[in-house]
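> Sequence and predicted structure, then a few things I'm wondering about:
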Amino acid sequence: MSTLTRPKTDAVATAPTTLRGPVRVLLRVHRKALWAAGALLVLGIGIVVALRVWMASAKELCADGDMTPCGGSYLPSYARTSTELFLSDGGTVLLLLAGLIGVFVAGPLIARELESGTFRLAWAQSVSPAHWLAARLAVPAALTVVGLTVLIAVYRWGLWALRGYPYSHLTTWYGSGIFPGTGPALLGFALLAVAVGGLCAVLVRRTLLSMSLTALALGTVALGLGKRRYELWPHILRQGRGPQAVSPGDWHLDYGMLTASGHRLYWQDCFDTGMAEDATACMRARGAVDHFTEVHPASHYWPLQLVETGILLALAALAVFAAFRVLRRLHG
């Protein structure tokens with residue numbers, strides 16, 4: 001096993017005060033990966049542009065919701081349904097891309113050098129371990145933020161074309177395949193991916209194992225946030241039934257009935273008792289007097305995005321701090 005002991009040199013050299021040298025070397029060594037990342041960026045933009053052009057060129061009757069010329073039934077064009085289907089999972093694709101960057105940082109960028117011992121060459125040339133690690137975290141973080149910001153803007157532009165179309169259920173703002181890729185939460189996850197990749201690399205110092213641990217950690221965070229996202233901001237309670245309880249664009253969470261004292265009774269409570277065949281009677285027997293619905297309205301989009309971003313950035317800061325502490329402990 002290679003150690004992280006900094007090699008001794010006969011001459012005393014002055015440590016660089018900037019990251020310019022390590023960054024230049026890093027970009028030159030991994031230029032093929034940069035070209036591949038640029039190609040993925042162009043490919044993503046091209047797919048969204050092609051879908052929008054395809055949908056705009058396709059003729060569609062009754063797109064405004066007036067069913068008169070359609071004989072009472074709405075028939076969307078194949079271009080529109082295909083665009084909806086592809087874009088409905090765009091956020092998941094961007095999330096996976098951010099995770100892939102973290103895996104790359106953990107493996108080829110850091111752990112491979114620690115495993116092979118090539119890090120000694122940089123450290124022997126008056127590059128401190130802190131500068132060495134900082135360059136390998138800062139460069140992918142900066143490039144990732146720039147690239148994903150462009151993809152977020154393009155993805156939102158593609159989704160915007162679907163607004164105003166009736167009976168669109170695949171591209172809701174809160175969809176698990178859409179929400180992660182439409183706001184700053186994706187950038188927070190990408191920075192967390194870079195930080196976790198760096199931490200796993202300096203901890204394990206084995207390429208494949210570091211990549212595996214990074215993927216496992218990021219997958220756990222992504223799944224956990226996806227399952228509990230609705231709890232990141234207080235939902236609102238709407239009383240009544242029908243349009244007065246749920247508006248277009250609402251994220252429906254749960255529903256039930258209220259008692260006279262305001263206590264909430266959920267429909268699931270009656271289903272669990274075996275009275276699902278007459279759930280309303282079950283509710284009435286428990287004192288229910290009015291219906292209610294718990295929702296996140298569309299106005300909760302930004303609070304949910306910002307809270308999730310804050311959580312991810314806090315985790316990323318902790319991971320970066322831990323990575324430098326581990327490096328400092330091991331290299332001496």
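Sure, I can see it. Numbers count the residues shown, from 1 in each chain.
> Quick check: end-to-end length of stretch 99-116?
With Cα to Cα, to the nearest Å applied, stretch 99-116 spans 24 Å between its terminal residues.
> So, low pLDDT: which residues of the protein?
The chain contains residues with pLDDT under 70 at 1-19, 21, 61-75, 122-124, 126, 164-169, 241-246, 271-277, 331-332.
> Spell out, range by range, the strands that occur in it.
Using DSSP state E, the strands of the chain run over residues 236-239, 251-259, 264-266, 288-296.
> what's the neighbour count on the nearest residue to Leu41 once chain neighbours are set aside?
In this structure, Leu41 finds its nearest non-sequential neighbour in Gly147, 5.3 Å apart by Cβ to Cβ, 6 or more residues apart in numbering. Yep, even glycine has a C-beta here, placed from its N, CA and C like the rest. Number of residues near Gly147 (other Cβ atoms under 10 Å) recorded here: 19.
> Quick check: Gly147 touching Ala39?
No - counting by Cβ atoms under 8 Å, Gly147 does not reach Ala39; the two are 11.4 Å apart.
> just to revisit the earlier point, could you dump the strands of the chain into TSV with mean neighbour count and distance to Arg205 added?
Below are those laid out as TSV (neighbours: other Cβ atoms under 10 Å; distance: least, Cβ to Cβ, whole Å):
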stretch	mean neighbour count	distance to Arg205
strand 236-239	14	50
strand 251-259	17	44
strand 264-266	16	51
strand 288-296	19	44
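> Now render those strands as TSV, adding distance to Ala322.
Listed next are the strands of the chain as TSV, based on distance: least, Cβ to Cβ, whole Å:
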stretch	distance to Ala322
strand 236-239	38
strand 251-259	35
strand 264-266	41
strand 288-296	34
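> buried ones in stretch 139-156?
Val139, Pro140, Ala141, Leu143, Thr144, Val145, Gly147, Leu148, Leu151, Ile152, Val154, Tyr155 (16 or more other Cβ atoms under 10 Å).
> Can you tell me which of these is nearest Ala317?
Ala141 (12.0 Å; Cβ to Cβ).
> any idea how far Leu151 is from that closest one?
From Ala141 across to Leu151, the span is 16 Å (Cβ to Cβ, to the nearest Å).
> likewise Arg136?
23 Å.
> again with Leu218
Shown here: Leu218 relative to Leu151, a distance of 18 Å by Cβ to Cβ.
> and what of Val49?
12 Å.
> okay, and the common contacts of these two?
By Cβ atoms under 8 Å, 6 or more residues apart in numbering, Val49 and Leu151 have no common neighbours.
> Contact partners for the closest residue in space to Ile178 that isn't next to it in sequence?
Among residues not flanking Ile178 along the chain, Gly91 sits closest, at 4.6 Å (Cβ to Cβ, 6+ apart). Taking Cβ under 8 Å, 6+ apart as the contact definition, Gly91 lies against Tyr155, Gly175, Ser176, Gly177, Ile178, Phe179, Pro180, Gly181, Thr182, Leu186.
> I'd like to know which of those residues are part of helices.
Tyr155, Leu186 (DSSP state H).
> Turn the contacts of Gly91 into a markdown table, including distance to Leu232.
Shown next, in a markdown table, are the contacts of Gly91 (distance: Cβ to Cβ, whole Å):
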| residue | distance to Leu232 |
| --- | --- |
| Tyr155 | 21 |
| Gly175 | 16 |
| Ser176 | 14 |
| Gly177 | 18 |
| Ile178 | 16 |
| Phe179 | 11 |
| Pro180 | 13 |
| Gly181 | 17 |
| Thr182 | 15 |
| Leu186 | 15 |
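> Name the member of the contacts of Gly91 that has the highest neighbour count.
Leu186 (28 neighbours).
> which ones are touching it?
Contacts of Leu186 by Cβ under 8 Å, 6+ apart are Gly91, Leu94, Leu95, Ala98, Leu148, Ile152, Pro180.
> Surely the fifth one is in contact with Ala190?
Yes - contact between Leu148 and Ala190 holds when scored by Cβ under 8 Å: they sit 5.5 Å apart.
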